[in-house]
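K.L.:
fold the following.
(4 chains)
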Amino acid sequence: MLSSQDFLFYFLGALSLIFGLGVVLYRNPIYSALCLVITMISVAGIFATLDAWFIAGVQLIVYAGAVTVLFVMVLMLFDLKHEMKTFSKGVIGNGVKLASSGVLLGMFSTYIWATYATEPTFKPMAAGATSSIKATKDLATSLFTSYLFAFEVIGLLLLVIAVGAVTLSRITGGTHHHAD
Amino acid sequence: MPINPAAWKVGLDHYLYLSSLLFVFGMLGVLMRRNVIVILMCIELMLNAVNISFIAFSRYAENVNGQVMVFFVMTIAAAEAAVGLALAVTVFKKFREVNIRFFEHLKG
Amino acid sequence: MSALLAFLIFVGILAAFGGFLIVLSSSLGPRPKPNPAKNMPYESGVAGTETNESRISVKFYLTAILFIIFDIEIIFMYPWAVSFMDFVKSGQGMYILGAMGIFILLFVVGLIWEVKSKALDWNN
Amino acid sequence: MGKDGLEITLNIVKMLVIFLVMVQLVPVLVWLERRVSAFMQNRFGPNRVGPLGLIQLLADAVKFLFKEPFFPEKGMAVMYYGAPIMALIPGALALAAIPLGTPFHLEEADWNLFGFIPLGHHPAYDFILQGYDFGVGIVIVLGVSSLGAYSLLMAGWGSSNKYSLLGALRASAQMVSYELALGLSLVGILMVFNTFSFYDIVAQQNPANPLTFNFLGTVHTMPWWIPNWGIFYNPLGALIFFCASFAETNRLPFDLPEAEGELVAGFHTEYGGFALLMFYIGEYGHMMVASALMATFYFGGYTIPYVSNEAVATFVSNTHHFLGAFDLSIHSNWAAFVTSLCFFVSMLVKILFFLLIFIWVRWTLPRFRYDQLMDLGWKTMLPWALFNTCLTAVWLAISHKPV
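P.N.:
Residues are numbered from 1 along each chain as shown, chains lettered A, B, ... in the order given. All right, here's what the predicted structure looks like:
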């Protein structure tokens, strides 16, 4: 029968797909931002079913708690009550887009079906709280030993973004920008 | 389709199907929508789909590299969203309209 | 796995209870015929026209952007904090301090630049 | 009952109990706040309705229920009604993740209610005094409490009123920027305790061993009367954490966005009736989470200050034998149950102590101006938290020689 782990996966997967579709289809961007919040939370739940507890917490903090708040705030600043032209025009263009994404999805699923359908399922992890702390410590040690260079570059990237975002928001337009 | 109970047991391929479906939804959103902010949200959706498959493989191969990679993907996604929205706000201030069509005025 | 199950059960209970309260409170209570004066948004003076020119300053979303950037730098400090003593005990104290020192240096440079560029000043 | 069946039913029962305790504790807190503030301004506070005014809150709740249901003209229904529900969820979820006592073990036995109603057989089960035990508790608690900003934004946007929108933006900008200081102040204490799980953190603050400081290799043990608490390892972090948690819950002196005088009650201007009460429940939920975290990290969690955990267990088992004479305790797990009850009481006392400080500060400090408030968050708290982290790191790296 459906064990509790399978039920969790199907429930959270269905939730993230439905609200993922909601992000794309809602005309009013505020509602698609709220659907994005629910998708992020259900994806954090999916990480939890995969025993990646620390990454689920980080996903909640970074995505659900910071990035999507920025989206909602910016949407509020724009005060867009509704959108008339939400989807791109042209039947042929949209048709080509839909067909190409269908082909892509077909390629994905045949590849997955071909290689992984007969594979054994996940080896059960040492359940309980202790394993998740050991997993977090493994993550930490490998982050600072094998991925140290990437870690420092990420710090640099964040510095560049901090400076860039502020100067970008101060530009009043025009090629020869004069101090506002 | 015959529902054999064995197929319902969640394995690596179920996570990959979910991830590819979510990825295609995000891609469709990027292709079809005209509002810049919704396009940025759909890019976040695609990055989340990639994260799911990263974690699924990391859990399947029992090593932690996938999780470290997800850590970095999250940073890149957040940085991209921050700069993308800063751009969208500057365009909105100038054209009072947030539509992908106005972004070609940015070219030099 | 039961922890996640308990978490979802609790979210369900909370949402159900919240919804029940909202429905209950909006069904009870007097229901006078709607008069336009009361439905106007609660503001002193003339109810302004729609916010055509979004006077809401750019400061809010700038704070949100800076929050994301510094939040990620703090999230990177959590695995460092948890594995710090293991590194120190295994003799790599200076190594881990150096690694994080560069990262914190970039954090501080970013913060100083933000403060100096008056991006966070709210009084103008 | 199968293991799964028992677990799910016990989970549901535990969740309901935690939720009802939280929702019932909020009126008591509101009553406490009105009485304490009255006492500080040497007046009486509610004492008409029921003994000492305790039923006052029930009367208020019923009155709020019967208020006229109001919906603003151009308001968005989903967000207007979703905001109070979203205000409830983060506080309760975070509170259920914090352990309030030691887990106790139920042996395999036949349950019978009051001794004669057979409830069926139950397998051995570890009952934990907390909603759910994620290994990395603190990260999930921070993640969930960062969802609190959405209820403000939805309330502000849903009621389509310029001032409530501005209030919502200001409240979420403040809440967001103090989350930084909150997260950074915890890094110091996590370094000292070297783990994320609440149980290990509280175990390391076990009063059995005295407070030991390790400075440049020489270990100094403090006198016995200083309890082995986290605040002595990281006092600056504790101070910043506590101040930031004030801002996180929009409490005075950081409650400018929803202050009456400033923006016409900020983001919940258009709300009346029970929705307004739900915002207060959310606020008190966040307050409880902040005081529970403060107690767990810096004040020894559910350990009783000068009594080591083992001493409590032995004391209870001695009296348990004595009680056994009166055949009160049939099962050995009564002893385990009573010990975890003692720990639960000690944790409750600590949480109540911090709630009292929340209430006490509210009626003493004046309100910050908005730019002072944001400057404090970005330009003083964040650098000080960073300094605290670096100081702890250097101190630990120097003093702990490789073993």
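K.L.:
C:Leu66 contacts C:Glu114, correct?
P.N.:
Yes. Using Cβ atoms under 8 Å, C:Leu66 is in contact with C:Glu114, at 6.1 Å. Where you see a C-beta, it was placed from the backbone N, CA and C, and this is true even at glycine.
K.L.:
joint contacts of these two?
P.N.:
Counting by Cβ atoms under 8 Å, 6 or more residues apart in numbering or on different chains, the residues touching both C:Leu66 and C:Glu114 are A:162, A:166, C:120, D:378.
K.L.:
which of the residues you listed fall within helices?
P.N.:
In this view, those that belong to helices under DSSP state H are A:162, A:166.
K.L.:
closest to A:Leu104 among the shared contacts of C:Leu66 and C:Glu114?
P.N.:
When the shared contacts of C:Leu66 and C:Glu114 are compared for distance to A:Leu104 (Cβ to Cβ), A:Ala162 wins out at 35.6 Å.
K.L.:
how much space between that closest one and A:Gly155?
P.N.:
Shown here: A:Ala162 relative to A:Gly155, a distance of 11 Å by Cβ to Cβ, to the nearest Å.
K.L.:
so those two - more neighbours on which side?
P.N.:
A:Ala162 (26 against 21; other Cβ atoms under 10 Å in any protein chain shown).
K.L.:
spell out which parts of chain C neighbour chain B.
P.N.:
C:58, C:61, C:65, C:68-69, C:72, C:76 (Cβ under 8 Å from any Cβ of the partner chain).
K.L.:
ranking helices and strands of the chain by mean pLDDT, which lands last?
P.N.:
Using chain A here. helix A:129-145 (a mean of 81; mean pLDDT, DSSP states H and E).
K.L.:
looking at chain D here, not the other one
P.N.:
Ranked by mean pLDDT, DSSP H and E, the weakest helix or strand in chain D is helix D:260-263, scoring a mean of 56.
K.L.:
for the helix ranked longest in chain D, packing partners?
P.N.:
Across chain D, the helix with the greatest residue count (assigned by DSSP H) is helix D:3-40. Applying 3 or more Cβ pairs under 8 Å, 6 or more residues apart in numbering or on different chains; DSSP states H and E, one finds that helix D:3-40 contacts helix C:2-27, helix D:56-65, helix D:77-96, strand D:125-127, helix D:274-298, helix D:333-362.
K.L.:
where does pLDDT dip in chain B?
P.N.:
For chain B, the stretches flagged by pLDDT under 70 are B:1-7, B:95-108.
K.L.:
ok, longest helix in it?
P.N.:
Longest helix in chain B, counting by DSSP H: helix B:65-95.
K.L.:
mind listing what the residue nearest in space to the middle of chain B touches?
P.N.:
Note on chain B: the residue nearest the mean C-alpha position is B:Met46, at 1.9 Å, using Cα atoms, centre = their mean. Each residue near B:Met46 by Cβ under 8 Å, 6+ apart is listed here: B:22-23, B:26-27, B:30.
K.L.:
for it, give its distance to A:Gly20.
P.N.:
For B:Met46, the distance to A:Gly20 - Cβ to Cβ - is 10 Å.
K.L.:
the residue nearest to the spatial centre of chain D: what's its closest spatial neighbour, skipping adjacent residues?
P.N.:
Geometric centre of chain D, nearest residue: D:Val289, 1.9 Å, by Cα atoms, centre = their mean. Residue nearest to D:Val289 in three dimensions, not counting chain neighbours: D:Ala94, with 4.3 Å by Cβ to Cβ, 6 or more residues apart in numbering or on different chains.
K.L.:
counting by contacts, list what the longest helix out of those in chain C packs against.
P.N.:
Secondary structure of chain C per DSSP H: the longest helix is helix C:59-89. Helices and strands touching helix C:59-89, by 3+ Cβ pairs under 8 Å, 6+ apart, are helix A:53-59, helix A:68-78, helix A:129-145, helix A:148-170, helix B:65-95, helix C:93-116, helix D:162-193, helix D:382-399.
K.L.:
now do the buried residues in it.
P.N.:
For helix C:59-89, the neighbour count (16 or more other Cβ atoms under 10 Å in any protein chain shown) marks C:59-85, C:87-88 as buried.
K.L.:
what about the lengthiest helix in chain A, near chain B?
P.N.:
Secondary structure of chain A per DSSP H: the longest helix is helix A:91-116. Yes. Counting by Cβ under 8 Å from any Cβ, chain B has neighbours in helix A:91-116: A:94, A:97-98, A:101, A:104-105, A:108-109, A:112-113, A:116.
K.L.:
so for that helix, mean pLDDT?
P.N.:
Across helix A:91-116, the average pLDDT comes to 86.
K.L.:
now swap in stretch D:88-101 and tell me
P.N.:
88.
K.L.:
now swap in stretch C:86-97 and tell me
P.N.:
86.
K.L.:
helix or strand with the lowest mean pLDDT in chain C?
P.N.:
Counting by mean pLDDT, DSSP H and E, chain C has helix C:36-39 as its least confident element, at a mean of 66.
K.L.:
chain D contacts on chain A?
P.N.:
A:3-4, A:30-31, A:34, A:37, A:41, A:44, A:48, A:53-54, A:56-61, A:64-66, A:69, A:72-73, A:76, A:128-133, A:136.
K.L.:
for the residue sitting furthest away from the middle of chain C, give its distance to chain A.
P.N.:
The centre of chain C is farthest from one residue, C:Lys33, which by Cα atoms, centre = their mean lies 39.4 Å away. Relative to chain A, C:Lys33 is positioned 27 Å away (Cβ to the nearest Cβ, to the nearest Å).
K.L.:
did I read that right, that residue in a strand?
P.N.:
No. Under DSSP: H, G, I helix; E, B strand; the rest coil, C:Lys33 sits outside any strand and is assigned coil.
K.L.:
would you mind measuring from it to D:Lys14?
P.N.:
For C:Lys33, the distance to D:Lys14 - Cβ to Cβ - is 47 Å.
K.L.:
pLDDT score for residue 79?
P.N.:
Since no chain was named, I'll use chain A. So A:Asp79 comes in at 65 (pLDDT).
K.L.:
my question was about chain C, not that one.
P.N.:
92.
K.L.:
contacting residues around D:Ala155?
P.N.:
Counting by Cβ under 8 Å, 6+ apart, D:Ala155 has contacts D:79-80, D:83-84, D:87, D:164, D:168, D:267-268, D:271, D:279.
K.L.:
count the neighbours of the closest residue to it other than its chain neighbours for me.
P.N.:
Of all residues not flanking D:Ala155 in the chain, D:Ala83 sits nearest, at 3.7 Å (Cβ to Cβ, 6+ apart). A total of 28 residues lie near D:Ala83 under the criterion other Cβ under 10 Å.
K.L.:
quick one: contacts for D:Ala83?
P.N.:
For D:Ala83, counting by Cβ under 8 Å, 6+ apart, the contacting residues are D:151-152, D:154-155, D:158, D:275, D:279.
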